Structure formats: C-alpha cells, structure tokens
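In: Following is a predicted model, sequence given first.
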Amino acid sequence: MTILVTGARGNVGRRVLQRLYAAGHSLRASGRNPAELDVPEGVETVALDLNDPETFVAALAGVSKVLLYAEPDGIVKFLDEAEKAGVEQIVLLSSNTVGLPGADQDPLAHHHVLVEEAVVGSGLNYTILRPGAFMSNAFGWSYSLQQGDTIDQVFPEAQVAPVHEDDIADVAVVALTEKKLQDEIVDLTGPESLTFRQELEIVGEVLGRKLVINGLTREEGEAQMSNFVPPPVLTSLLNQWEAAVGVVADTSATAERITGKPARTFRQWVEEHASFLV
C-alpha cells in the first residue's frame, strides 16, 4: 500500500518524503500543482486541493497512510473519502498552539483546532503531531544579517523551545510506519529553552560575528512586522512572545523517546544552515 504525503514542498513534508523514499516505501506526493513538486525519481505525484473535492478520489486511491497538513477547507469531505478509500491512518501535522487557552478563537491556532477535531471525529486511526516553533523561523533574521550586525527583535527575552524540522520528520516517519503512536497526540519541542537573544548569540558565534541585539518595544515591533504579518495573527504572536518573557519554555524528551536519538539543538540547526542565513 502507498503512503500519501501532502505538503511535499514544505519543511517537514519534504523531509518525510526523503526518509520514506530511502526506506523503500511506495509513495505518492501531492500538491495543488503536481508539476511544481521536486520529488525523487519514481515517486508518483498527484493533484490534491482540499478546496476541490474532485481531486480526492485519485489522490487517495490505494493509499494506506496519509501525512496531512492542517487545512480546514474541505477537511471533512477529504476524511470521508479517505475512509471510503480504505485509508488506515492519518498523521496530522498540527501545532502546539492548540494547547493554549482560547485556542479555538486564536488566529494562530483556530485552523489547527478545526482540523484536529475533524480528524479525531472521523473514525480513522490517527496520530497528531503538535510541534512548537520551528527552528527555521530563524530565517526571519536573514535579511538583517545580510545588512549588518545589528538585529532588531521585539521581546528579545521571550523564551521558546524551538524544534528541528528533522526531528519532526523522524517522528512522523515512525508514526507512518509503526503502530506505537496510533491514536496519540504527540507534543514536540526542542531540547532547550532559549531566549531570542540567546538564539541570536548562537547565530553570531556560528557565523563568527559579534551581533548587536536591538530590543524593540511592542509598538515598534508591531509597526515593523505589520508589513508582512496580518494584524490578527500579529497580535496573537506578540501576545505569546510577551507572555513568554522571563518564562522558561516547556521542553520534553518526546522526540528522543520515540526515535531513540537525542533531539537536535538550535546550534546544530544554525551550523547546518549557516550559508543560507547570510
């Protein structure tokens, strides 16, 4: 039977596809425009758009497992078609924002809440992955790093436990190929709580540069970020960061427990991606 990987161009989907391909699994990668997918030779590609139910049957034919991105549009119909197609399990890439107070009204978490509820209520076997902030969020500093050594950051003392995308992918592969995570919700964090200031210090050390962190007020950060972040999302994000100032972020050994390998550190991520940051 075949594993369907949705979001195959994404940070996690791409990694999952590569791992499953290397292990010899039968794969199908989907996207709104399959011609744009860059997949290993021999991997089938198919059109899948949750806004277009006519794409569901072909995408799901012969599929046993699905790696699913959280997109609420069309999700109930998609899950109905998955059940009809004989899909055995959905592995959903969700978010740890679902666990925050008021998540069902939060613009960062709301769509994840809707999709989780649909998956759990579908009657299909499932594994829900709830990662925290991705380490790749550090790419947000790339433009500033290219301009000089002074980096603007709102709430620089806010603490997060960023998770490496490779760790998420490793756990997803276990969920897709083994039975031990069936009908579980899996919270994933990185191995350490770091302030944004500490993250930038690590970036500077790896790049061999002395970075100056310019702490912004909430108002300054809002003005700077409003050019590329929708207002409701920006408000939610700033609320989370403000609440995290001086608060040690929760960490867990879940990824290591599941994969048998220590979770990757932020320093490792920066060393792997240093050339892309600048």
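Out: Thanks, I have it. Every value quoted in this text rests on a predicted model; they were computed, and no experiment measured them.

In: end to end, how far does stretch 30-47 reach?
Out: 6 Å (C-alpha to C-alpha, to the nearest Å).

In: Surely Leu108 and Leu238 touch.
Out: No - with contact defined as C-beta atoms under 8 Å, Leu108 does not reach Leu238; the gap is 10.9 Å. Just so you know, the C-beta spots here come from the backbone N, C-alpha and C atoms, and that holds for glycine as well.

In: Can you list the buried residues in stretch 172-187?
Out: By 16 or more other C-beta atoms under 10 Å, the buried positions in stretch 172-187 come out as 172-176, 181, 185-187.

In: Identify all contacting residues around it.
Out: By C-beta atoms under 8 Å, 6 or more residues apart in numbering, the residues outside stretch 172-187 that reach it are 3, 12, 16, 19-20, 23, 25, 65, 67, 89, 91, 93, 96, 99, 125-130, 132, 171, 252, 254, 258-259.

In: can you check stretch 93-109 too?
Out: With C-beta under 8 Å, 6+ apart, stretch 93-109 has contacts from 7, 12-13, 67-70, 110, 112-113, 115-116, 128-132, 168, 172, 187-189, 230, 232-233, 235-237, 240.

In: Quick check: strands, which of these are part of them?
Out: 67-69, 128-131, 187-188 (DSSP state E).

In: Turn these into a markdown table, columns for pLDDT and distance to Asp104.
Out: What follows is these, written out as a markdown table (pLDDT from 0 to 100; distance: C-beta to C-beta, whole Å):
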| residue | pLDDT | distance to Asp104 |
| --- | --- | --- |
| Leu67 | 99 | 24 |
| Leu68 | 98 | 20 |
| Tyr69 | 93 | 19 |
| Ile128 | 99 | 16 |
| Leu129 | 99 | 19 |
| Arg130 | 98 | 15 |
| Pro131 | 98 | 19 |
| Asp187 | 98 | 18 |
| Leu188 | 98 | 21 |
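
In: quick one: which of those residues has the most company?
Out: Among the ones in strands among the contacts of stretch 93-109, Leu67 has the most neighbours (other C-beta atoms under 10 Å), with 30 neighbours.

In: hang on, isn't that residue packed against Arg14?
Out: No - using C-beta under 8 Å as the test, Leu67 is too far from Arg14 to be in contact (11.0 Å).

In: Helices of this structure, residue ranges please.
Out: For the chain, the helices defined by DSSP state H cover 13-22, 56-60, 75-84, 110-120, 142-147, 165-177, 196-207, 218-225, 231-243, 254-259, 266-277.

In: Please produce TSV containing these, extended by mean pLDDT.
Out: Below are the helices of the chain laid out as TSV (pLDDT from 0 to 100):
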stretch	mean pLDDT
helix 13-22	98
helix 56-60	98
helix 75-84	98
helix 110-120	97
helix 142-147	96
helix 165-177	99
helix 196-207	98
helix 218-225	96
helix 231-243	97
helix 254-259	98
helix 266-277	97
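
In: Relative to Leu145, how far out is the residue lying farthest from the centre of the chain?
Out: Taking C-alpha atoms, centre = their mean, the residue of the chain most remote from its mean C-alpha position is Lys210, at 30.1 Å. Counting by C-beta to C-beta, to the nearest Å, the gap from Lys210 to Leu145 is 12 Å.

In: Could you do Val113 as well?
Out: For Val113, the distance to Leu145 - C-beta to C-beta - is 35 Å.

In: Check Val63 too.
Out: For Val63 relative to Leu145 (C-beta to C-beta), the value is 42 Å.

In: According to the record, where do the domains of this protein fall?
Out: Per automatic domain parsing, the structural domains of the chain span 2-131, 135-161+191-250+262-277.
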